[in-house]
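Peer 1: okay, predicted coordinates and the sequence, questions at the end:
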Amino acid sequence: QVQLVESGGGLVQAGGSLRLSCTASGRTFSRYTMGWFRQAPGKEREFVAAISWSGGGTYYTDSVKGRFTISRDNAKNTSYLQMNKLEPEDTAVYYCAAMPSAYYSSSGRIDYWGQGTQVTVSS
């Protein structure tokens, strides 16, 4: 069993930055590809970014490329999402996810979700 706890959300002006953290319980964190997803009001949850269990592979949705950076520290059981140049369209609840695979796949199974953290970007 793995529990994921997100933190770091908040209110920021457009152009600003936030760093989200996802800390996992359990000893098998390093065996999961970690991902970030988001859900805006009235919209479906969508993929944002993912990082392979070794950290050697990173994946991003097109709308955040060049602005967001995903990373992980396996010694701390923590994944991070550095978000720069935030836009009002980035406003959403951001969820951390753990996938039992070495690399990210859009059709891959997600075993665990965090509870979500709100990110609000004002114009």
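Peer 2: Happy to help now that I have it. Just so it is clear, the model here is predicted, and its values are computed rather than measured.
Peer 1: and the pLDDT for residue 94?
Peer 2: Per-residue pLDDT puts residue 94 at 98.
Peer 1: now the residue nearest in space to the middle of the chain. Nearest residue, chain neighbours left out?
Peer 2: Centroid check for the chain by Cα atoms, centre = their mean gives residue 36 as the closest residue, at 2.3 Å. Spatial nearest neighbour of residue 36, chain neighbours left out: residue 48 (4.5 Å); criterion: Cβ to Cβ, 6 or more residues apart in numbering. C-betas here are computed from N, CA, C, even on glycine.
Peer 1: hmm, that neighbour is touching residue 82, no?
Peer 2: No. Residue 48 lies out of contact with residue 82 (Cβ atoms under 8 Å); the separation is 12.0 Å.
Peer 1: intersection of neighbour lists for the two?
Peer 2: Residues touching both residue 48 and residue 82 (Cβ atoms under 8 Å, 6 or more residues apart in numbering): residue 68.
Peer 1: so between these two, which is more surrounded?
Peer 2: Set residue 48 next to residue 82 and count neighbours by other Cβ atoms under 10 Å: residue 48 wins out with 24 against 15.
Peer 1: could you look up the SS state of residue 30?
Peer 2: helix (DSSP: H, G, I helix; E, B strand; the rest coil).
Peer 1: gap between the residue nearest to it when sequence neighbours are not counted and residue 92?
Peer 2: Leaving out its chain neighbours, the residue that sits closest to residue 30 by Cβ to Cβ, 6+ apart is residue 74, at 4.2 Å. Residue 74 is 27 Å from residue 92, where distance means Cβ to Cβ, to the nearest Å.
Peer 1: ok, the two, which is more surrounded?
Peer 2: Taking other Cβ under 10 Å, residue 74 and residue 92 do not tie; residue 92 has more neighbours (22 against 16).
Peer 1: can you give me the helices for this protein?
Peer 2: For the chain, no helices are identified by DSSP state H.
Peer 1: can you list contacts of stretch 67-79?
Peer 2: By Cβ under 8 Å, 6+ apart, the residues outside stretch 67-79 that reach it are 21-26, 29-30, 34, 36, 48-51, 53, 55, 58, 60, 80-86, 96.
Peer 1: good, we can wrap up now.
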